[in-house]
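# when you get a sec, could you give me coordinates for this:
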Amino acid sequence: MNMARQASLVWLKALLSPERVLGWSLQDWDRVVRLARQHRLLARLACVIDRAGLVDAVPPEARRHLRGAQQLSLARTRAMLWAIERLPVMIDNPSIPLVLLKGAAYVAQGLPIAEGRLPSDLDILVPKQKLPEMRFRLAHAGWSEPALNAHDLRYYLEWSHELPPMQHARHAVELDVHHNILPPRAGRMPDMALLFDRLMPSRWPHWQVLSPADQYLHSAAHLFFDSEPRDRVRDLVDMDGLF
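I've put the predicted structure just below:
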């Protein structure tokens, strides 16, 4: 990592030691707000500062951005929770295991890294053999897939680790139904039976979460397989929190 890139990430240390913000100038705050928003961590930083009781020490110019980011995070999280509460009723089949992934799972466990997230989708996991029934029941409940040509639809159904993203007229979040944590094209698909055997209950009926170790592995897989690591600073923060 070059020196300029390294310097641009120094502000991340405030996520672990929020008292560092006490020495920041307005110029520092201008840079941090821009970078934190770019990496989808501004609301997370705001929550850390809030929990430490240091919000009043933040200059008003920066405090407005922190509060705004927190409000946006709360609004998006409420939308996700609304979908989580209603999905089991929509599916109406208790024999289908329902597993929350990533941010939704962190919220379901009350983990500190759940604070300040900006969810735009709800990631869930079901056994692969249940996908056809799950797809049918979701469509019957009003969840629709995007219009895809035959090539793209075949990609999702045969080569991807998830169904096409689904949307509902009454829900603000996109629904991503996974059957694995890695796509077949990755060449290293894990045996999901091992993960399902270690599922843990969440604070919500009908929903489970992966074991702590499997959540960590999923976060790592998301970091290295879904996009360029340099663009996944938030995933590194999640992994640190999970660890």
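
# can you tell me the SS state at the most centrally placed residue in the chain?
The chain has residue 103 as the residue nearest its centroid, 3.3 Å off, counting by Cα atoms, centre = their mean. Assigned state for residue 103: helix (three-state reduction, DSSP: H, G, I helix; E, B strand; the rest coil).

# show me the contacts for it.
Going by Cβ atoms under 8 Å, 6 or more residues apart in numbering, residue 103 touches 80, 114, 117, 119, 123. (C-beta placed from N, C-alpha, C; glycine too.)

# tell me the contacts of the fourth one?
It refers to residue 119. Contacts for residue 119 (Cβ under 8 Å, 6+ apart) come out as 76-77, 79-80, 103-104, 173.

# make JSON lines from those and add pLDDT, secondary structure and distance to residue 33 to it.
Below are those laid out as JSON lines (pLDDT from 0 to 100; DSSP: H, G, I helix; E, B strand; the rest coil; distance: Cβ to Cβ, whole Å):
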{"residue": "76", "pLDDT": "95", "secondary structure": "helix", "distance to residue 33": "19"}
{"residue": "77", "pLDDT": "96", "secondary structure": "helix", "distance to residue 33": "21"}
{"residue": "79", "pLDDT": "95", "secondary structure": "helix", "distance to residue 33": "24"}
{"residue": "80", "pLDDT": "95", "secondary structure": "helix", "distance to residue 33": "24"}
{"residue": "103", "pLDDT": "93", "secondary structure": "helix", "distance to residue 33": "22"}
{"residue": "104", "pLDDT": "96", "secondary structure": "helix", "distance to residue 33": "27"}
{"residue": "173", "pLDDT": "93", "secondary structure": "strand", "distance to residue 33": "26"}
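
# surely residue 174 touches residue 162?
No. Residue 174 is beyond contact range of residue 162, at 11.3 Å (criterion: Cβ atoms under 8 Å).

# ok, back up a step: please spell out the PyMOL selection for the buried subset of the contacts of residue 119.
Typed into PyMOL, the line below selects the buried ones among these, using 16 or more other Cβ atoms under 10 Å:
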select buried, resi 76+77+79+80+103+104+173
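
# just the contacts of residue 119 now: which is nearest residue 166?
residue 173 (10.0 Å; Cβ to Cβ).

# distance of the closest one from residue 153?
Residue 173 is 22 Å from residue 153, where distance means Cβ to Cβ, to the nearest Å.

# in the stretch of helix or strand residue 78 belongs to, what's buried?
Per DSSP states H and E, residue 78 falls inside helix 60-91. Residues 62-63, 65-66, 69-70, 73, 76-77, 79-81, 83-84, 87-88, 91 are the ones in helix 60-91 that count as buried (16+ other Cβ under 10 Å).

# just the pLDDT for residue 72.
pLDDT for residue 72: 97.

# ok, it - contacts?
43, 118.

# one more time with 10 Å, if that's ok
Counting by Cβ atoms under 10 Å, 6 or more residues apart in numbering, residue 72 makes contact with 42-43, 116, 118.

# so which of the residues you listed sit within helices?
Per DSSP state H, helices hold the following members of those: 42-43.
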